[in-house]
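Enquirer: I would like to see how this sequence folds:
(chains A and B)
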There are 2 protein chains.
Amino acid sequence: MPPISRDYNTHCRCVQVESRIIPPDSLRSIKLFPEGPHCPNIEVIAGLASGEKVCLNPRSSWVKKLIQFVLAKQRHPKTQA
Amino acid sequence: MPPISRDYNTHCRCVQVESRIIPPDSLRSIKLFPEGPHCPNIEVIAGLASGEKVCLNPRSSWVKKLIQFVLAKQRHPKTQA
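Expert: Residues are numbered from 1 along each chain as shown, chains lettered A, B, ... in the order given. As a prediction, this is how the structure comes out:
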């Protein structure tokens, strides 16, 4: 798994992206950071069941599918305010 | 803006979702939490430029569009390892 170093790179969060596919079951969160003055790249950081955080490539089709999967996976629709 | 209370609700993070549209310029991050044993709902929490964190409705079409917008917005494509 690639390191996420805030010290090494004070602008972007990701120094390397994970190329292996993350199984949805081991996924606990996905955080998207739009590009901005701090970093010219979109950054996608997955939180895993193991507690690890790994950077994903936002241009990978499997990463886009993973995000769609998370958004589509609601099994118990509930009306929210 | 709705509260995000960890004390009030120890399972789900969001007690209410924001209905107003978040302008992309004020968005600093979007975090997606898949449904799981802790919470039967998908939760989407936006971090704003103001420092606020607001819960969004993952079933709103504008929320899905916002996520697509963030993923599509890469202006400086760069090959990442």
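Enquirer: nearest spatial neighbour of A:P24, skipping sequence neighbours?
Expert: The shortest distance from A:P24 to any non-neighbouring residue, by CB to CB, 6 or more residues apart in numbering or on different chains, is to A:F69 (5.8 Å). Backbone N, C-alpha and C define where each C-beta goes, glycine included.
Enquirer: what's the distance between that neighbour and B:R28?
Expert: Counting by CB to CB, to the nearest Å, the gap from A:F69 to B:R28 is 24 Å.
Enquirer: Would you mind telling me which of these two has more residues around it?
Expert: For A:F69 and B:R28, the more surrounded residue by other CB atoms under 10 Å in any protein chain shown is B:R28, and the numbers stand at 16 against 13.
Enquirer: what angle do the helix or strand harbouring the more buried one and strand A:27-33 make?
Expert: Following DSSP states H and E, one finds B:R28 within strand B:27-33. Counting by axes from the mean of the first three to the mean of the last three CA atoms, to 10 degrees, strand B:27-33 lies at 170 degrees to strand A:27-33.
Enquirer: Note down every partner strand of the next helix-or-strand element following strand B:27-33 and its orientation.
Expert: Counting by DSSP H and E, the element after strand B:27-33 in chain order, helix or strand, is strand B:43-48. Here strand B:43-48 is paired, per DSSP bridges, with strand B:27-33 (antiparallel), strand B:53-56 (antiparallel).
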